[in-house]
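Student: Got a predicted structure here, sequence first:
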Amino acid sequence: MAQLEQVASPGSEWWRTAVIYQIYPRSFADASGDGIGDLPGITARLDDLKSLGVDAIWLSPFMTSPQKDAGYDVADYRDVDPLFGTLADFDAMLDAAHARGIRVIVDLVPNHSSDQHAWFQQALKAAPGSPERARYVFRDGRGENGELPPNNWESVFGGGMWERVTEADGTPGQWYLHIFDASQPDFDWTNEEVREEFRSILRFWLDRGVDGFRVDVAHGMVKEAGLPDYAPVADADSMGGGEENVPYWGQDEVHDIYRDWHKVMAEYDGDRALCGEAWLPTLKKTALWVRPDEMHQTFNFPYLMTEWDAAALRAVIRDSLDAFGEVGAPSTWVLSNHDVIRHASRLALTADSPQGDGIGPKSKGKPDPAIGLSRGRAATTVMLSLPGSAYVYQGEELGLPEAMEIPDEFRQDPTWFRTNGERYGRDGCRVPLPWTASGTAFGFNDTGASWLPQPAEWAGFARDAEEQDPASTLNLYKALLAERRARALGSGSLVWDDVDAAAVAFHRGDLHVVANLGAEPIELGEGVTFVIQSEPFAGTALPPNTAAWFTRA
Ligand code: NOJ
């Protein structure tokens, strides 16, 4: 491993090196005071993101939606939900971001719509076999009277993947497919009308000036012809499945859609980008989404899912640079988002907690907060030194842990309801941000309302308090981002160093990066000048759960 030089893909497009900050609008900042964040709230906080030092923001969905899956159930792709504001608020936010040199990516949800979408409402009223039904995946049921679902597929959120409808004459009717909640019917992407509609939706937002799209469930839109039965192997039921061929994930034909969208993006100036959300079992498969004529980026979920283990972390970084490098794409790096346990908690889990299960009051193996925070900061210190593009999820720059004690009556994730509370789901990573240590809802708004309760101890993570503390997680992120920019770490190569079996160690020019994932201190030796320590320590022995950037005389 020592001295293997790995080169990130060359090229000047902004998305190859960008640090992109994910805003989960309902939990970012609430200008209206109704307890749910909104677009004017984002506009008011853009200076905080500028001073953090990010290049772009990605907004989770704010389009018209009944909010059955927090906006990932879209009823109108060309309008803003009144909860979040108006199209004029969106335009104002976009202009304000661009004025600060911050690019804006919006979330596109093409696998499914809301059941309140006009097309689905028309489909319900129309007859089996009609063009209205052909926009979704309607099938007759099995069994003597069609009383059994068309196949045995299971929803990602728990329960079956099919819902039976009542026909216009009041009789029990066909079934429709929904990979997620029953309120999220899947489109039929073999239908050209669906394809044309989404080209038009892309152009609607590109015409408004967005810099790109994060594409939801980018591996799920095409299903294997004939919809054959399939039961996932145990523990492989997450968004990617553990196996090579899952009839609703990663089908070859899905790539035709992205080749088509690549051309739509190229009609526009300014280097617009597509980023795929595709949970796939291997990096090699993941890299297929970013071949030169497809998407520009795809999330590196194998990296996100890597446990706190030095050999595993070295391997996933090496394999990521190889796999994405082979297709000429930048690797992305991501540790947290709105679907997974926050990494300041996840990296200290002691029990197996599969993606999507979440942690709640009755979970076993709750992570130690101090170890989790140290590992979280060290993991980010490694991530922001890597060549490629990195994603930061709102609140991780404050070191926020997963909110683990949300009472049942506040829970909103459909996973919780579809599994009768067996899986807590994702509410714990979606709690509104603390901006001020005192004041209502920790400065999230000025009324005190909050759609999920904020833990009292989050006063200690409030942005205004962390601004004042040189050793805070916020100031660590600021330092990492400023140094990453100054040293142009987003591009270029890395050279692996052989330091210790429990270390992840490499250098980028004269900058050395070492993380200690073991239980004993690692001596870094003579001539070390620290540039950044993931948390303060004296001397040159790197403590466990710590990382550092340094130069050597
Ligand atoms: C992935 C999104 O990130 C998640 O939040 C959502 O529930 C599913 N896709 C369904 O849209």
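Tutor: Received, thanks. Computed from a predicted model, the values in this text were never measured in an experiment.

Student: So what touches stretch 458-469?
Tutor: By Cβ atoms under 8 Å, 6 or more residues apart in numbering, the residues outside stretch 458-469 that reach it are 48, 398-400, 431, 433-438, 442-443, 472-475. For every residue, glycine as well, the C-beta is placed using N, CA and C.

Student: From the residues you listed, list just the buried residues.
Tutor: Buried members of those, counted by 16 or more other Cβ atoms under 10 Å: 398-400, 431, 433-435, 437, 442-443, 472-474.

Student: now those residues as JSON lines including secondary structure, pLDDT and distance to residue 141?
Tutor: Output for the buried ones among the contacts of stretch 458-469, formatted as JSON lines (DSSP: H, G, I helix; E, B strand; the rest coil; pLDDT from 0 to 100; distance: Cβ to Cβ, whole Å):
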{"residue": "398", "secondary structure": "helix", "pLDDT": "99", "distance to residue 141": "49"}
{"residue": "399", "secondary structure": "coil", "pLDDT": "98", "distance to residue 141": "50"}
{"residue": "400", "secondary structure": "coil", "pLDDT": "98", "distance to residue 141": "45"}
{"residue": "431", "secondary structure": "coil", "pLDDT": "98", "distance to residue 141": "40"}
{"residue": "433", "secondary structure": "coil", "pLDDT": "98", "distance to residue 141": "45"}
{"residue": "434", "secondary structure": "coil", "pLDDT": "98", "distance to residue 141": "49"}
{"residue": "435", "secondary structure": "coil", "pLDDT": "98", "distance to residue 141": "51"}
{"residue": "437", "secondary structure": "coil", "pLDDT": "98", "distance to residue 141": "56"}
{"residue": "442", "secondary structure": "helix", "pLDDT": "98", "distance to residue 141": "50"}
{"residue": "443", "secondary structure": "helix", "pLDDT": "98", "distance to residue 141": "52"}
{"residue": "472", "secondary structure": "coil", "pLDDT": "98", "distance to residue 141": "57"}
{"residue": "473", "secondary structure": "helix", "pLDDT": "98", "distance to residue 141": "52"}
{"residue": "474", "secondary structure": "helix", "pLDDT": "98", "distance to residue 141": "54"}
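
Student: tell me which parts of the chain are close to the ligand?
Tutor: Contacts of the chain with the ligand, taken as Cβ under 6 Å from any ligand atom, map to 69, 72, 109, 180, 216, 217, 277, 338, 339.

Student: so what's the closest residue to the last one other than its chain neighbours up against?
Tutor: Right, residue 339. Leaving aside its sequence neighbours, residue 339 sits nearest to residue 426 (Cβ to Cβ, 6 or more residues apart in numbering; 5.5 Å). Residues near residue 426 by Cβ under 8 Å, 6+ apart: 338, 339, 340, 356, 358, 413, 415.

Student: Please identify which of the buried ones among the contacts of stretch 458-469 is nearest to the ligand.
Tutor: The shortest approach to the ligand among those belongs to residue 431, at 15.1 Å (Cβ to the nearest ligand atom).

Student: which ones are touching the closest one?
Tutor: 27, 400, 403, 406, 450, 452, 453, 454, 455, 458.

Student: try 7 Å this time
Tutor: Contacts for residue 431 were tallied using Cβ atoms under 7 Å, 6 or more residues apart in numbering; they are 27, 403, 452, 454.

Student: Which helix or strand contains the most centrally placed residue in the chain?
Tutor: Centroid check for the chain by Cα atoms, centre = their mean gives residue 337 as the closest residue, at 4.0 Å. Assigned by DSSP states H and E, residue 337 belongs to no helix or strand.

Student: Could you pull up the residues touching the residue nearest to it when sequence neighbours are not counted?
Tutor: Here the nearest residue to residue 337 in space, its sequence neighbours aside, is residue 393; by Cβ to Cβ, 6+ apart that works out to 5.0 Å. Listed by Cβ under 7 Å, 6+ apart, the contact partners of residue 393 are 22, 336, 337, 338.

Student: nearest to the ligand, of the residues you listed?
Tutor: The nearest member of those to the ligand, counting by Cβ to the nearest ligand atom, is residue 338 at 5.7 Å.

Student: So for the closest residue in space to that closest one that isn't next to it in sequence, what's the pLDDT?
Tutor: Spatial nearest neighbour of residue 338, chain neighbours left out: residue 24 (4.9 Å); criterion: Cβ to Cβ, 6+ apart. If you check residue 24, the pLDDT there is 98.

Student: Dihedrals phi and psi, residue 24?
Tutor: With angles defined as degrees, to the nearest 10, residue 24 sits at phi -100, psi 100.

Student: Compute the distance between it and residue 136, please.
Tutor: Going from residue 24 to residue 136 by Cβ to Cβ, to the nearest Å gives 28 Å.

Student: Also residue 450?
Tutor: Per Cβ to Cβ, residue 450 is found 35 Å from residue 136.

Student: List the contacts of the closest residue to the ligand within the chain.
Tutor: Ranking the residues of the chain by distance to the ligand (Cβ to the nearest ligand atom) places residue 72 first, at 3.4 Å. Residues in contact with residue 72 (Cβ under 7 Å, 6+ apart) are 61, 109, 216.

Student: if you set the cut-off to 10 Å instead, what comes out?
Tutor: Applying Cβ atoms under 10 Å, 6 or more residues apart in numbering to residue 72 gives the contacts 60-61, 63, 65, 107, 109, 111-112, 114, 180-181, 184, 216-217, 338-339, 414.

Student: now swap in residue 545 and tell me
Tutor: 308, 347-348, 370-379, 515-519, 534-535 are the contacts of residue 545 under Cβ under 10 Å, 6+ apart.

Student: Buried among those residues? Make that a PyMOL selection.
Tutor: Applying 16+ other Cβ under 10 Å to the contacts of residue 545, the buried members can be selected in PyMOL as follows:
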select buried, resi 308+347+348+371+372+373+374+375+376+377+378+379+515+516+517+518+534+535
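
Student: Now, the contacts of residue 545 that are in helices?
Tutor: Among these, the residues falling in helices (DSSP state H) are 370, 371, 372, 373, 374, 375, 376, 377, 378, 379.
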